[in-house]
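[1] could you look at this predicted model? Sequence included:
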Amino acid sequence: DIQMTQSPSSLSASVGDRVTITCRASQSISSYLNWYQQKPGKAPKLLISAASSLQSGVPSRFSGSGSGTDFTLTITGLQPEDFAAYYCQQTYSTPRTFGQGTKVEIK
Amino acid sequence: EVQLVESGGGLVQPGGSLRLSCAASGFTFRSYWMHWVRQAPGKGLVWVSRINSDGSSTNYAASVKGRFTISRDNAKNTLYLQMNSLRAEDTAVYYCARDTVTLNDAFDIWGQGTMVTVSS
């Protein structure tokens, strides 16, 4: 199974900050890496697929990069509605493993 | 509107069974692979199971293999998860999700989730 390791597990940031979350795969997954946002009590929402493709309707302040084993989700200009948990996921092979999540909290 | 709606969750005793359903609408259900993902209280997302578009191929997480069975009825636009021999560690919100091949198999549509509690 491919292990996905996210860092940090949590972070505190202020509105307007630039936030970076990293995700590392235990083996190469090409660009089969997706990012999800989850707010409390809600289902996850797909933000970015294929490492860097922004989903329709997702604000352009979200961006993704990387390939192989190392990936990054960046939020440029954090907004109040961005405080949530973020998960990476690989869809290179089954099982479709998720990272452990990163909780973005208000400083 | 593209939508997935889960049902069937509830309280069950250890060793018991439960069947979850996921009703799809607003898209051609029979064309998509589907998944179940769970989330224990306060924990992260865990992939559970996958089924291909015609139901002929399935995969399971090691933690549920042999106890859970994923299936689908394309005529009824419904996905199922039969859960047997339930354990306390199966307590979680269960989500169904759509797999879209054009998005590198990302899960682009999710249901609202249904809570399963395994307790005596």
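    On my side now, so go ahead.

[2] next, the residue nearest the centre of chain A: phi, psi?
    Centroid check for chain A by CA atoms, centre = their mean gives A:Trp35 as the closest residue, at 3.9 Å. Dihedral pair for A:Trp35: phi -120, psi 140, per degrees, to the nearest 10.

[3] so what pairs up with it in the strands?
    For A:Trp35, the beta-bridge assignment (DSSP bridges) gives partners A:Ile48, A:Cys88.

[4] show me the contacts for it.
    Residues counted as contacts of A:Trp35 (CB atoms under 8 Å, 6 or more residues apart in numbering or on different chains) are A:23, A:46-48, A:62, A:64, A:73, A:86-89. Backbone N, C-alpha and C define where each C-beta goes, glycine included.

[5] turn those residues into a markdown table, including neighbour count.
    Formatted as a markdown table, the contacts of A:Trp35 follow (neighbours: other CB atoms under 10 Å in any protein chain shown):
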| residue | neighbour count |
| --- | --- |
| A:Cys23 | 29 |
| A:Leu46 | 21 |
| A:Leu47 | 23 |
| A:Ile48 | 24 |
| A:Phe62 | 18 |
| A:Gly64 | 23 |
| A:Leu73 | 27 |
| A:Tyr86 | 24 |
| A:Tyr87 | 24 |
| A:Cys88 | 29 |
| A:Gln89 | 24 |
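
[6] all strands of chain A, in order?
    Ranges of strands in chain A, per DSSP state E, are A:4-7, A:10-13, A:18-25, A:33-38, A:45-49, A:53-54, A:62-67, A:70-76, A:85-90, A:102-106.

[7] tell me which of these sits most buried.
    strand A:33-38 (a mean of 26; mean count of other CB atoms under 10 Å in any protein chain shown).

[8] tilt between it and strand A:18-25?
    130 degrees (axes from the mean of the first three to the mean of the last three CA atoms, to 10 degrees).

[9] got the CA coordinates for strand A:33-38 in PDB?
    Provided in PDB are the C-alpha atoms of strand A:33-38 (Å, rounded to 0.1, in the frame of the first residue of the first chain):
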ATOM      1  CA  LEU A  33      -2.600  13.300  -6.300                       C
ATOM      2  CA  ASN A  34      -5.800  15.100  -5.200                       C
ATOM      3  CA  TRP A  35      -6.600  17.600  -2.500                       C
ATOM      4  CA  TYR A  36      -9.800  17.900  -0.500                       C
ATOM      5  CA  GLN A  37     -11.200  20.400   1.900                       C
ATOM      6  CA  GLN A  38     -13.500  19.400   4.700                       C
END
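
[10] how much does it deviate in direction from strand A:45-49?
    Using the same axes, to 10 degrees, the inter-axis angle of strand A:33-38 relative to strand A:45-49 is 160 degrees.
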